[in-house]
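>>> below is the sequence, then the predicted model.
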Amino acid sequence: MVHPSLLEFIKKQEPGAQYVLTVCTGSWILAGTGLLDGRRATTNKTFYKLILEDTKDHNISWVPKARYVVDGKFWTSSGVTAGVFLSRYRLSES
């Protein structure tokens, strides 16, 4: 369970953010804000089935075999090492 004040804080920060990146189960937290609804995303593979079940009421296209997924300004990675790859992708885009 994530404290509702954290979810509200994330939602308030999102409009001013150029990019929103998550690592590992951080996409599960982001899903709880509703900001991933209608988007593609990935998450930690160990918790994948649990996260899929927990977020079934959201319209998220979870990508099970991706290291990372970029959908607009939302960038999700499946783990810590994948987060490093995601950051390298971001650097190559600059």
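On my side now, so go ahead.
>>> ok, which stretches of the protein are strands?
Applying DSSP state E to the chain gives strands spanning 20-22, 40-41, 61-62, 68-71, 74-77.
>>> now these in a markdown table, with mean pLDDT, distance to residue 6 and mean neighbour count?
Using the backbone N, CA and C atoms, a C-beta is placed for each residue, glycine as well. Conversion of the strands of the chain to a markdown table gives the following (pLDDT from 0 to 100; distance: least, CB to CB, whole Å; neighbours: other CB atoms under 10 Å):
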| stretch | mean pLDDT | distance to residue 6 | mean neighbour count |
| --- | --- | --- | --- |
| strand 20-22 | 93 | 13 | 20 |
| strand 40-41 | 97 | 18 | 22 |
| strand 61-62 | 96 | 21 | 16 |
| strand 68-71 | 93 | 22 | 20 |
| strand 74-77 | 94 | 17 | 25 |
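>>> would you turn these into a markdown table with distance to residue 55?
Formatted as a markdown table, the strands of the chain follow (distance: least, CB to CB, whole Å):
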| stretch | distance to residue 55 |
| --- | --- |
| strand 20-22 | 13 |
| strand 40-41 | 9 |
| strand 61-62 | 8 |
| strand 68-71 | 14 |
| strand 74-77 | 12 |
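>>> the spatially most central residue of the chain: what's it in contact with?
Central residue of the chain (CA atoms, centre = their mean): residue 27, 2.9 Å from the mean position. Residues counted as contacts of residue 27 (CB atoms under 8 Å, 6 or more residues apart in numbering) are 36, 41, 42, 43, 51, 76, 77.
>>> rewinding a little: quick one: which of the strands of the chain is nearest residue 31?
When those are compared by CB to CB, strand 40-41 sits nearest residue 31, at 7.3 Å.
>>> in its sheet, what does that closest one sit against?
Each strand that pairs with strand 40-41, with its direction, by DSSP bridges: strand 61-62 (parallel).
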